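Chemist: what shape does this take:
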Amino acid sequence: MKMTYMVRSLLVLVLLAAVGCGGWSRRPSSSGLLIEPADAARLGYMVNWSTNLNVPRRHGLSSVTLLGDVLYTVESPGNLVSAVSVRDGKLLWHRVIGEPTEAIYPPVRDDERVYFNNDTLIFTLGAAHGDLIASADLAEVVETGPVLIGRYAIFGGSNGTVFAHDLDAGYAKWSYQLSGGVVVPPVASQQNVFLADSKGVYAALRADSGELIFRGRTFGPLTAEPASTRGGFFVPSQDQSLYALNRVTGKDTWVHRTATPLTQAPAALGQAVYLPLDGSGLVALSAADGEERWTSELPAQAVHAQDGQVLLHYPGGLRWVDEKTGRVIEDVQTMPLQKVIPLPNDGVLIVSPGGRIHRLNPKR
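Modeler: Predicted coordinates:
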């Protein structure tokens, strides 16, 4: 009985603490929107438009990708792909791609076409109407989407083979072998590509030829997508370290050690890198030297920076904080959000797991 009482008391304390953490609890929406208009205004936004993809119960969005002025979503199960105009929220087209039992990964696109893939095939669709133009076999089995550089869709295979699929010819033009399977998408770096594998090995390659620029390793699997800036790459490893690598040489610029394995992607915004820590919050680091600026116990992701402030997305809410100190400037509750995507005009898109999408524009 004593142990049961202690456990119950602890649960009550945890719930009370959660209620007091500004966003851990969530009140029902009175407007029917993902964020109340008054709360959006507190953050400096207004709701510009709202769209609902009406994702059925027991379904969800497996990916949400902004490419230019179109938002692409993939519904799972079933692989229903939708294209939504960011300008006015109108549904441009939707269609089922591939077999319903095979995962469809986030797309890439050029001016006229958009490219989706599953584990073994790449599909070419017309960007305007979603018409299926072609499909082609991939040289290796993959577990992610590609990065598009020129006319090459560059993939990392589940067996560690990196290859450049020529979108015009329909087959691989070059390949390079890593040590382990690639489970995070490649990252573009001007005319080069950076990849990391599940055994802790990373490499930068010339996108046009596959020529090795540099190669290195960490001491744990690399299962979270690296961040890239003009200065270099920020590579999160399950060896409990974030590595800042020089873009040209691949040498460590600095290394930040953590108490837990790193399994979430960092965000490089302005002069800082924001690193989610599994189960223990967020740390803000100087991009130049890795010096710790501040930490937060809030399990959040940094999504946008402007005017010395950073917008954080956490379960149940959005929060502006001071980029230098982490001091909370404004905090509001929202309905559950799957993704928050910054827009070029300092607006944001907010997307729910059930396919509701709002565009928030800055209040001027």
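
Chemist: for the helix or strand where Tyr243 lies, which outside residues touch it?
Modeler: Per DSSP states H and E: Tyr243 is located in strand 241-246. Identification of contacts with strand 241-246 by C-beta atoms under 8 Å, 6 or more residues apart in numbering yields 202, 216, 218-220, 231-237, 251-258, 262, 266, 273, 275, 285, 287, 290. The way it works is simple: take the backbone N, C-alpha and C, and place the C-beta from them, glycine included.

Chemist: ok, 6 Å please
Modeler: Identification of contacts with strand 241-246 by C-beta atoms under 6 Å, 6 or more residues apart in numbering yields 232-236, 252-257, 275.

Chemist: want to throw these into CSV with neighbour count and pLDDT?
Modeler: Below are these laid out as CSV (neighbours: other C-beta atoms under 10 Å; pLDDT from 0 to 100):
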residue, neighbour count, pLDDT
Gly232, 25, 92
Phe233, 22, 97
Phe234, 26, 98
Val235, 27, 98
Pro236, 30, 97
Asp252, 15, 95
Thr253, 18, 96
Trp254, 17, 98
Val255, 15, 98
His256, 21, 98
Arg257, 9, 97
Leu275, 26, 98
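
Chemist: if we can go back for a sec, in its sheet, what does the strand holding Tyr243 sit against?
Modeler: strand 232-237 (antiparallel), strand 252-257 (antiparallel) (DSSP bridges).

Chemist: Ala40: what secondary structure?
Modeler: helix (DSSP: H, G, I helix; E, B strand; the rest coil).

Chemist: and the helices in the protein?
Modeler: Taking DSSP state H as the test, the helices found in the chain are 2-19, 37-42.

Chemist: could I get the average pLDDT for the longest one?
Modeler: Looking at helix 2-19 alone, the average pLDDT works out to 33.

Chemist: nearest residue to Ala196 other than its sequence neighbours?
Modeler: Spatially, and ignoring its direct neighbours in sequence, Ala196 is nearest to Leu222 (3.7 Å; C-beta to C-beta, 6 or more residues apart in numbering).

Chemist: neighbours around that neighbour, how many?
Modeler: Neighbour count of Leu222, defined by other C-beta atoms under 10 Å: 28.

Chemist: then Tyr243?
Modeler: Tyr243: 26 neighbours (other C-beta under 10 Å).

Chemist: not counting its neighbours along the chain, what's nearest it?
Modeler: Residue nearest to Tyr243 in three dimensions, not counting chain neighbours: Val235, with 4.4 Å by C-beta to C-beta, 6+ apart.

Chemist: the one you found against Pro226, yeah?
Modeler: Yes: taking C-beta atoms under 6 Å as the definition, Val235 is a contact partner of Pro226 at 4.6 Å.

Chemist: if I look at the residue most central in space within the chain, how far off is Leu53?
Modeler: Centrality entry for the chain: nearest residue to the mean C-alpha point is Ala265, 7.3 Å, by C-alpha atoms, centre = their mean. According to C-beta to C-beta, to the nearest Å, Ala265 stands 25 Å off from Leu53.

Chemist: quick one: Thr295 and Phe155, what's the gap?
Modeler: Between Thr295 and Phe155 the distance is 36 Å, computed by C-beta to C-beta.

Chemist: the two: who's more crowded?
Modeler: Taking other C-beta under 10 Å, Thr295 and Phe155 do not tie; Phe155 has more neighbours (31 against 15).
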